[in-house]
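Colleague: What follows is a predicted protein model with its sequence.
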Amino acid sequence: MEVKELTKKFPVGDLEHLLDTVEIPVSSGPQAQGDVAWYPVRKGQVEGLKPIAAKGIVIVEGLNGHPHTLFADGECFWAPNTQRGQRLGVAVVPEGSTLIIGHNEHGYSAAGPGQYNFNRSREQRTEIEILAD
């Protein structure tokens with residue numbers, strides 16, 4: 001899918017700074033988008049899974065006020081981590097569906113069928129700090 005198609009279907013704000021004809025690849029491998037990273041894990045039982053609504057679900061609000069939002073192209077599920085910390089939650093993407101991750105600075109990423117752990121990104125300085133985009 002191209003950025004312009006995703007923008008119509010899954011709006012995340014002003015993306016005028018991005019080329020709207022760029023094709024967004026669907027990956028089932030590890031990915032990152034600013035201060036959020038996700039990676040595939042073996043499928044297993046996940047408690048608290050709920051369908052991702054058509055309007056999407058904000059999984060983290062960046063420190064600059066820009067949210068990272070999950071959208072389902074097909075049927076996808078999300079279970080948030082209810083504990084404080086780096087782990088945000090788990091997404092499950094069934095066969096035939098695609099998980100779209102949107103952000104108004106970074107644009108879109110897409111994850112294919114599988115199960116993914118979502119985390120806040122961090123960097124090692126003198127102390128470990130959560131990234132802020």
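Modeller: Arrived safely, thanks for sending.

Colleague: so what's residue 12 up against?
Modeller: Contacts for residue 12 (Cβ atoms under 8 Å, 6 or more residues apart in numbering) come out as 67, 69, 102-104, 108. In short, each C-beta sits where N, CA and C put it, glycine included.

Colleague: separation between the residue lying closest to it once chain neighbours are set aside and residue 95?
Modeller: Sequence neighbours aside, residue 102 is the residue nearest to residue 12 in space, at 3.8 Å (criterion: Cβ to Cβ, 6 or more residues apart in numbering). Per Cβ to Cβ, to the nearest Å, residue 102 is found 22 Å from residue 95.

Colleague: before we move on, the earlier item: pick the one among the contacts of residue 12 closest to residue 24.
Modeller: Minimum distance to residue 24 across the contacts of residue 12 is 5.0 Å, recorded for residue 108 (Cβ to Cβ).

Colleague: isn't there a helix covering that closest one?
Modeller: No - with DSSP: H, G, I helix; E, B strand; the rest coil as the criterion, residue 108 is located in strand rather than a helix.

Colleague: Tell me which residues touch it, please.
Modeller: The contact partners of residue 108, taken as Cβ under 8 Å, 6+ apart, are 3, 6, 10, 12, 24, 100-102.

Colleague: For the chain, name the helix or strand with the lowest mean pLDDT.
Modeller: strand 122-124 (a mean of 63; mean pLDDT, DSSP states H and E).

Colleague: Report the beta-bridge partner residues of residue 36.
Modeller: With DSSP bridges as the criterion, residue 36 is bridged to residue 33, residue 120.

Colleague: Now do the same contact list for it.
Modeller: 59-60, 68, 88, 101, 118-121.
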